[in-house]
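**Student:** Okay, here's the prediction I keep looking at, along with the sequence it came from:
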Amino acid sequence: MSGKAVQSLEEACEAFVTWLDGRVVAAGRGDGLDRLEVDPSGTFWLGRLACEDEVRKGTSDDRAERLDPCAIGIRFRPAQAPPWSMTVTVRARAWVKDPKDGPDPDRRWWRTGLVEEKISVVVGADGGIFGAKQLRDALAAVGAPGLTAEVRVDVEDWHRDTELVVQLVNTSPEKSRGGVTDSHLYETQLEVSGLATTPFQLEALPDSFRYDRDVPAYGINVGVEVPAPGVFRSSDTITVQTVRPGYWNSSRPEPTLSFERLAADPMPELAALVKALEEYDHTHWSEPALAAREVAEGWTSGMRAEADKAAAEVFAELGRLRTGLELLQTNGEIRLSFQLMNRAIGLSAKGRGYDAWRPFQVGFLLSAIRFLADPADDAKIVDTVWFATGGGKTETYLGLLLTTAFFDRLTGKRTGVTAWSRFPLRLLSLQQTQRFADALAGAELVRQEANVKGAPFSLGFLVGKAGTPNKIVPKPEENEIDPDSPGMPDKYRVLLHCPFCRDENLRMKFDRQRWKLEHHCANKQCPWKRGALPVYIVDQEIFRFLPTVVVGTLDKAASIGLQQAMRGLVGPPQKLCSVEWHGFTYATRSKTPNGCLVPDCQGTLNPLPMPAERFAPSLRLQDELHLLRDSLGAVDSHYESLLDYLQNELTGSHAKIVASSATLTGYSHQVKVLYQREGRVFPQQGPRSGESFWTVRKAEKLRRFVAVAPRGVTLEHVSDRTLDALQRCVRRLIDEPSAVCTEAGIDPKHVDELLSLYGTNVVYGSTLYDVEAAGRSLGSNNTVDGINVEQLTGQTDFDEVRDILERLEKPEAKFEDRIHVIAASSMLSHGVDIDRLNTMVMLGLPLTTAEFIQTTARVGRRHPGLVYVLHKIGRERDAQTFRHFDKYVSQGDRFVDAIPITRRSRRVLALTLPGMVAARTLMVHEPASKQRLSTPAKLRQYVRDAKLTPDDEASAVAEILGLVGPEDTLHRQQIVEWVRDWFADLEDPATKAQFISQIGHPSPMRSLRDVEAQAPIHD
Ligand SMILES: [Zn+2]
Ligand SMILES: [Zn+2]
């Protein structure tokens, strides 16, 4: 135990992570083993060097060399002219195989003693070879005669500045003369001291003024550590430790931003927050402050210009916060909404370990609140929330949602959708949904208590067919669902617990009277006294009840071109059914003759309970904006335009759009393409990387990232062995707690907690193939028995996901019954927040840096995390990242590529056009016709009567899509041609179309998933 009398859990976790990492690296190198039963070259993945002959004989390209290198090295920029002198220390061992009748016939491989040689090098401009004899003798002396190595120094003077490359090369013959059967060197290390160097500079990127661009030296097949000034040492893995951020970076006292305080008396605290921001901005961003840095840090004029631009945006942001503050002071309804929201969030956060906002969350709410006062003007801008560090994004969303929901009610919106919140495909987790439900339940209790008029706050869950039903029918055809379908109703349970009382004892029920699929809370003490919970999970129920907040997946936007009742999400329904619990009605159809969506309804139609235009949703939320790229982004951009158009057509207004993104690179271009609006981001980045008014680095450890470049064995092998080592370590903690505690420096009182926090490892693959392979091979390729593996991917069934999350959150009492390894895909990276997940093995770098950032954020949420990033080192991108791994982790956001997106793809236009025309027919022409336009015959008649022409229709569509510029001639031509064909099809007396969606070809998209999400596309 170290000096301190009492070790905190946090300190114990840090010590344990350090120990775990040490054990894993040892397993990779073979440290501490004396003998081995199996071939070491098939086992170890770190520290080994193949012999040069062997590597040369293979497909001698860079790739093969990286996969099983024969050299490790360090690249320097010498500070002086040649000759250069330095001391190079080489460390290595060998493994030697005994004959069959050796001392230990079962474990014939033994490890030699350590070779540790200091080699004096003086080298001129031509480079040279050093230490060959010294190393050969040393290897022979430890028992590996015949193995040879040398230090090679190359001078590269074709760069701008001369570079020195110092390498340790395994020069052993492939088949050793001395009887040694393995020509690899193991546990190799290279250390250089006594050489004066200057750092490399990372290339200047646009906002370089924020970053430290120095790189002291580059590793070749290794990382480089600088244990003391002027000493450079190779490391087998590259470790980057990140630290937990603090959220107050001002010398002023931190205002009390608790939910309770802001609910009671928000103004003094908010004023103090804005005052502190003002002071910070002037200290760091004023002209004199920037001028001083320009001199001190030797900025170029370009860097200064970038800094000036950033400063202007920082002060604009300050201005918005001031405006928000003023509105809260002067507008009673906005202030009351904000206070009620705080009360509601306070209720929903109870028992979750937090009772206050972080300053940046309140900062965002203040900056956004203006849209309530001037929605038309503010909707011109898309606000993007970018929180690099720590969570808090969902809560911030919810704060905005609830403020808006209360504001809507207080200003006469008694019912209808306040916000439609969309998540990318398959990324809406049950946990995420639950948080929305909990927040709305809190708001509903507050609404009742504060006597705010209107319908109860409610939640809708609008996802693809795989999750919940589109509708429930009395007599099912094909894949339709009826009340007695298999699994009904339990299979469709969405909530994990009651949002009002947290009781997990929920009961699903299908109420035939009301024709509703319901969640019921069985707790008698539950504060919700009105029967079924106010949560709607069937599409048609969402249309009938238009819940306050609809959460759903992105792809559902396609329904707007298929389903006329979708108009409830952009504008008013038609009427209200007279029968209790039937809800809103829509256009009539043969199966819904009066427009009520409940089968066989005999009700009559009542007028809407509020002015039609108030049905317009106030907000559209887009989560993970950066994923809307390539063809998915292109398709969505057309549908966003359609949603905007329909809402404006039906209600005369636009929804405010708020998005979140993991990346800042190119967001303004992306927003422009997607929404045809200007983009703005919150918060503005600080004056230096990792530091702003809103965040500051603290001492507490966040995640330890360990980059691994596997050598000589497969990535799967390394993943298996890493997980195996991690599992072996936690099991040792059970079997020999005192030994482990002594080794790791841990107070034994923390053992149970550590076992829970580090006993479940995540193995993460970007592809389903990787994940499944990892899950499978683990069972067969480990030294530890009884590893329980579960998979969490897009293919995992809905109810299975729920069970797994439950088991992860509340682990079984006995360790052997718990889940030990979760094999997961990107499904994990969104909204799965489990504090027990603190170790991860990543199989290759994900396709995007954003995915890397988000996925790794799933571990170490509250306690120090450990992430192994196994590089697929044969791939150029992985090799590049390995080289820059520390900058990649610490400045990850700069490595995010600009997002490829366009709305001018003609291929995509061909896919989206039918939906545009269909939506106009359903939601504009049909209401205008005052009759049912559900069949081609009726539509044909209407088209004639109203004298609609293909050219008019085509120009309306071009207008919606913003394809009106001189550069869009071809696009307009394409639209005209398609619409003409559509009219011709409609007029064709021989048409086989029974429904209007069958007119024209192709049919409207059924889901935005109909495109291949990642296919690159062009204008
Ligand atoms: Zn309850
Ligand atoms: Zn009805």
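**Tutor:** Now that the structure is in, tell me what you want to look at. Computed from a predicted structure; not experimentally measured. Numbering: from 1, shown residues only. Ligands and ions are numbered 1, 2, ... in the order given.
**Student:** Now for the closest residue to ligand 2 within the stretch 301-450 of the chain: which residues touch it?
**Tutor:** Ligand 2 sits closest to T415 of the stretch 301-450 of the chain, with a gap of 16.4 Å, by CB to the ion. Any C-beta I mention is one placed from the backbone N, CA and C, and that applies to glycine too. When contacts are counted by CB atoms under 8 Å, 6 or more residues apart in numbering, T415 touches G454, A455, L546, P609, M610.
**Student:** now swap in T921 and tell me
**Tutor:** The contact partners of T921, taken as CB under 8 Å, 6+ apart, are L933, L939, I996.
**Student:** Could you measure from the residue nearest the centre of the chain over to Y764?
**Tutor:** Note on the chain: the residue nearest the mean C-alpha position is Q854, at 3.3 Å, using CA atoms, centre = their mean. Distance of Q854 to Y764, computed by CB to CB, to the nearest Å: 11 Å.
**Student:** Okay, and which of the contacts of T921 map to helices?
**Tutor:** If you go by DSSP state H, the contacts of T921 have L939 in helices.
**Student:** how about JSON lines for the contacts of T921, with pLDDT and neighbour count added?
**Tutor:** Below are the contacts of T921 laid out as JSON lines (pLDDT from 0 to 100; neighbours: other CB atoms under 10 Å):
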{"residue": "L933", "pLDDT": "90", "neighbour count": "22"}
{"residue": "L939", "pLDDT": "92", "neighbour count": "22"}
{"residue": "I996", "pLDDT": "82", "neighbour count": "22"}
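**Student:** which is the next helix or strand following the least confident helix or strand in the chain by mean pLDDT?
**Tutor:** When the helices and strands of the chain are scored by mean pLDDT, DSSP states H and E, helix 62-67 comes last with a mean of 68. Later in the chain than helix 62-67, the nearest helix or strand by DSSP states H and E is strand 71-76.
**Student:** now for that following strand, which elements pack on it?
**Tutor:** If you count contacts as 3 or more CB pairs under 8 Å, 6 or more residues apart in numbering; DSSP states H and E, strand 71-76 packs onto strand 163-170, strand 186-193, strand 218-220, strand 231-235.
**Student:** looking at the ones you listed, which is buried most?
**Tutor:** strand 163-170 (a mean of 24; mean count of other CB atoms under 10 Å).
**Student:** Identify the residue nearest T548 in space, chain neighbours excluded?
**Tutor:** Nearest residue to T548 in three dimensions, chain neighbours excluded: F457, at 4.6 Å (CB to CB, 6 or more residues apart in numbering).
**Student:** Go through stretch 75-89 and flag the buried ones.
**Tutor:** Of the residues in stretch 75-89, R75, F76, R77, P78, P82, W84, M86, V88, T89 count as buried by neighbour count, 16 or more other CB atoms under 10 Å.
**Student:** How much space separates the residue nearest to G652 when sequence neighbours are not counted from ligand 1?
**Tutor:** Distances taken as CB to CB, 6+ apart put E613 closest to G652, at 5.9 Å, once the chain neighbours are dropped. E613 is 36 Å from ligand 1, where distance means CB to the ion, to the nearest Å.
**Student:** now E613: how far from ligand 2?
**Tutor:** Distance of E613 to ligand 2, computed by CB to the ion: 24 Å.
**Student:** Go through the contacts of T921 and name the one nearest A12.
**Tutor:** Comparing the contacts of T921 against A12 with CB to CB places I996 closest, at 66.6 Å.
**Student:** How about the contacts made by the nearest residue to the closest one once chain neighbours are set aside?
**Tutor:** Closest residue to I996 apart from its sequence neighbours, by CB to CB, 6+ apart: L939 at 5.4 Å. Going by CB under 8 Å, 6+ apart, L939 touches T921, H925, L933, L986, I996, I999.
**Student:** Wait, the third one touches E926, no?
**Tutor:** Going back to what we said before, that points to L933. Yes - L933 lies in contact with E926 (CB atoms under 8 Å); the separation is 4.3 Å.
**Student:** Determine the set of other helices and strands touching the lengthiest strand in the chain.
**Tutor:** Determined from DSSP state E, the single longest strand within the chain is strand 696-708. Helices and strands touching strand 696-708, by 3+ CB pairs under 8 Å, 6+ apart, are helix 9-29, strand 237-246, strand 865-870, helix 885-890.
**Student:** what residues does the helix or strand that it is followed by touch?
**Tutor:** Going down the chain from strand 696-708, the next helix or strand is helix 715-735, by DSSP H and E. Defining contact as CB under 8 Å, 6+ apart, one finds that helix 715-735 is touched by 19-20, 23-24, 27-28, 43, 45, 708, 710, 739-740, 751, 754-755, 758-759, 761, 763, 773-774, 777-778, 781-784, 787, 815, 820-821, 839, 841, 843-844, 868, 870, 872.
**Student:** Great, nothing more from me.
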